[in-house]
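# with the input below, show me the fold.
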Amino acid sequence: MLQHIFSHTPLYVWAILGFLVYRGVLASRAREVSLRKLCIIPLVMLVLSLSGVYGSFGLAGSAPFAWLLGAVAGAALAWTLADPRKIVAIPARASVQRPGSWLPLILMMSIFCMKYAVAVTLAIAPATAHASGFSVPVCLAYGGFSGIFLGGLLRTVSAYRAVQIESRGQTRRGNAPQ
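Residues are numbered from 1 along each chain as shown. Next up is the predicted model:
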């Protein structure tokens, strides 16, 4: 049965998996990242998450509300747990120095595997899409994963902006930042 499932998986799904693994391994190392590149994974995760909700459950009923609740909770969690002191802003290059972490890879693989498992479940038992005992937890999780990525991004951008504003203030007073 697994061979049948894997053989019917479109090739683009494996390309997405490869991209996510690549980005997750990159995130495991301390590195300087431009603000633009910093937005890529949260946006990819947002698209995967919302496409999972829309494609599996539609936008009617409790699915979008469960997703939104999960996203808000995930964003609040990421905002609270992220330590802005570990983020070094480099306004001159519109980038930040971030510590390495395996957590993004774990989160990306979790949402990928969950989306894959939901697609397989719904292909085998399509009526499951109408069971709130299935759709609500799935949408909460989709939203939670997206929220964690978005909350982390917002926390990083907030830390960057704080340094940027501080350096502008020092420059105006004639005290160039060291």
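
# tell me the contacts of the residue lying closest to residue 25 once chain neighbours are set aside?
Closest residue to residue 25 in three dimensions, ignoring its sequence neighbours and counting by CB to CB, 6 or more residues apart in numbering: residue 105, at 6.6 Å. (Glycine included, C-beta is placed from N, CA and C.) By CB atoms under 8 Å, 6 or more residues apart in numbering, the residues touching residue 105 are 20, 21, 24, 25, 27, 28.

# just the buried ones from the residues you listed?
Buried members of the contacts of residue 105, counted by 16 or more other CB atoms under 10 Å: 20, 24, 27.

# list the contacts for the last one?
For residue 27, the contacting residues are 41, 100, 101, 102, 103, 104, 105, by CB under 8 Å, 6+ apart.

# worst-scoring helix or strand of the chain, pLDDT-wise?
Comparing every helix and strand of the chain by mean pLDDT, DSSP states H and E singles out helix 2-7 as the least confident one, with a mean of 71.

# what distance separates that one from the centre of its chain?
Going by CA atoms, centre = their mean, to the nearest Å, the spacing between the C-alpha centre of helix 2-7 and its chain's C-alpha centre is 27 Å.
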